[in-house]
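Undergrad: Structure of the sequence below:
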Amino acid sequence: MAPTSTEAQSVAAGLVLQVVELVSRWNVAPEELFFGLGLREESLVDGQARVPFASYLAVLERARELTGEPGLGFLLGLHMRVSAYGHLGFAAMSASTVREAIDLVIHFAPMVSGAIGLRLRVEGGIASLIIEEHADFGSVRDVVVIARLAGLWSMALALTGQDLNGTAEMAIPEPPYHSRFAHLVPPARYEQPTTRIVMRAQALDVPLIMADPAALRLAREQCEQALEVLSSGGRLVRTVRRLLWKPDRGFHSLAEVAEAVHMSPRTLKRKLALQGSSLSALLQEERRDRALLLLRSSELSIDDVADRLGYWSVQNFTRAFQHWTGKTPAAYRRSCAGLSAH
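TA: Next comes the predicted model:
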């Protein structure tokens, strides 16, 4: 899904300032980092400032080149601070539980960047926080993906005061520098069907050490205002995705989702298309997410998983699953056997 709104074409300036701070350890000055990119450090300090997405990728590439550090993503993630995200960071740290903080980050993710989204899925006692890639990250894809995963882990540690014992799965090849950082981050598996953090669902109920209901209300109001200015279109995609799943079996139809959002099916299809999406694309993503969780976390047979996901036959489910992952459902389940759910 390729976003076309302002939220997808830019990133919060705080992400770039994090790079500036990190590369200063190699005595790389902002002027050197930004040379030829039309960026100035003083213009990024404004809490509402945004940077073109292409410029952000160029900054990451330049930072890796100037520092000579291929594992820049790990370092960015491990040194990520919640406060760097402004009102959203303040809201997240004021939440009562991990689940509430995640819900806030998912809802207000476009304030950081529409190029990366998040969604949370829970099945069979296992929670899966999925990283959505909405753009082409080019040569720095490993930096972006690893920084986001490592950053979520390090911020969760800071906000709860405890290790939530998650496992990282990434849809990228294992980089040659992984072994240098493996002892600093959760266990990781590469070349997976999707990028996500997997943990026990009970971790979502862990309280945050800085929970503050009054501060949360204030920060949430600020986030709502900022998101309204930035973009309203992306909300429709997130709402439709949330409405698709039937907890008992299968998914809601186009007509049912359209009725829930008070639109005609034709209008809903048109508005999703304007956001670079479609109901069928969202449905396939949801089916894949649920299939990965059900095969790993439940005692359901493969036939029952297929039925739960609304497939008429296990053969149709198997073909779809192979298209998503390159493996049969049985092979994927075997590959997860013995893994701790954490």
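Undergrad: If we ignore the residues flanking it in sequence, what's nearest Arg287?
TA: In space, and not counting its chain neighbours, Arg287 is closest to Leu309: 5.3 Å by Cβ to Cβ, 6 or more residues apart in numbering. (Each C-beta comes from the backbone N, C-alpha and C, glycine too.)
Undergrad: Tell me who's in contact with the one you found.
TA: Counting by Cβ atoms under 8 Å, 6 or more residues apart in numbering, Leu309 touches 250, 287, 290-291, 294, 317.
Undergrad: Identify each of the strands in the stretch 151-300 of the chain and give its residue range.
TA: 167-169, 188-189, 195-200 (DSSP state E, counting those that start in this stretch).
Undergrad: out of those, nearest to Ala12?
TA: Nearest to Ala12, of all these, is strand 195-200, at 20.5 Å by Cβ to Cβ.
Undergrad: where does that closest one sit relative to the chain's centre, distance-wise?
TA: 11 Å (Cα atoms, centre = their mean, to the nearest Å).
Undergrad: From the contact counts, what lies against that strand?
TA: Applying 3 or more Cβ pairs under 8 Å, 6 or more residues apart in numbering; DSSP states H and E, we find strand 195-200 packed against strand 126-133, helix 141-160, strand 167-169.
Undergrad: and the second one, which residues are buried?
TA: Neighbour counts over helix 141-160 (16 or more other Cβ atoms under 10 Å) mark 141-156, 159-160 as buried.
Undergrad: go on, stretch 277-291?
TA: Buried residues in stretch 277-291, counted by 16+ other Cβ under 10 Å: 277, 279, 282-283, 285-291.
Undergrad: Ok, stretch 182-201 next?
TA: Neighbour count says stretch 182-201 has 185-186, 188, 192-201 buried, by 16+ other Cβ under 10 Å.
Undergrad: got those as a markdown table, with distance to Phe35 columns?
TA: As requested, the buried residues of stretch 182-201 are exported to a markdown table (distance: Cβ to Cβ, whole Å):
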| residue | distance to Phe35 |
| --- | --- |
| Val185 | 32 |
| Pro186 | 36 |
| Ala188 | 34 |
| Gln192 | 37 |
| Pro193 | 39 |
| Thr194 | 36 |
| Thr195 | 32 |
| Arg196 | 36 |
| Ile197 | 36 |
| Val198 | 41 |
| Met199 | 41 |
| Arg200 | 47 |
| Ala201 | 47 |
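Undergrad: Out of those residues, which two sit at the greatest distance?
TA: Val185 and Ala201, at 21.4 Å, using Cβ to Cβ across those.
Undergrad: any low-confidence regions in the protein?
TA: Within the chain, the ranges that satisfy pLDDT under 70 run 1-8, 47, 229-234, 275, 298, 338-342.
Undergrad: What residue spans form the domains of it?
TA: 6-213, 232-336 (automatic domain parsing).
Undergrad: Distance to Gln222 for those - can I get that in a markdown table?
TA: A markdown table is the format used below for those (distance: least, Cβ to Cβ, whole Å):
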| stretch | distance to Gln222 |
| --- | --- |
| domain 6-213 | 4 |
| domain 232-336 | 17 |
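Undergrad: what pairs with the residue nearest to Leu129 when sequence neighbours are not counted across the strands?
TA: For Leu129, ignoring the flanking residues on the chain, the nearest one in space by Cβ to Cβ, 6+ apart is Ile197 at 4.5 Å. In this entry, Ile197 is beta-bridged to Leu129, Ala168, by DSSP bridges.
Undergrad: isn't Ile197 right up against Gly166?
TA: Yes. Contact criterion Cβ atoms under 8 Å: Ile197 and Gly166 qualify, at 4.6 Å.
Undergrad: intersection of neighbour lists for those two?
TA: Residues touching both Ile197 and Gly166 by Cβ under 8 Å, 6+ apart: 153, 186.
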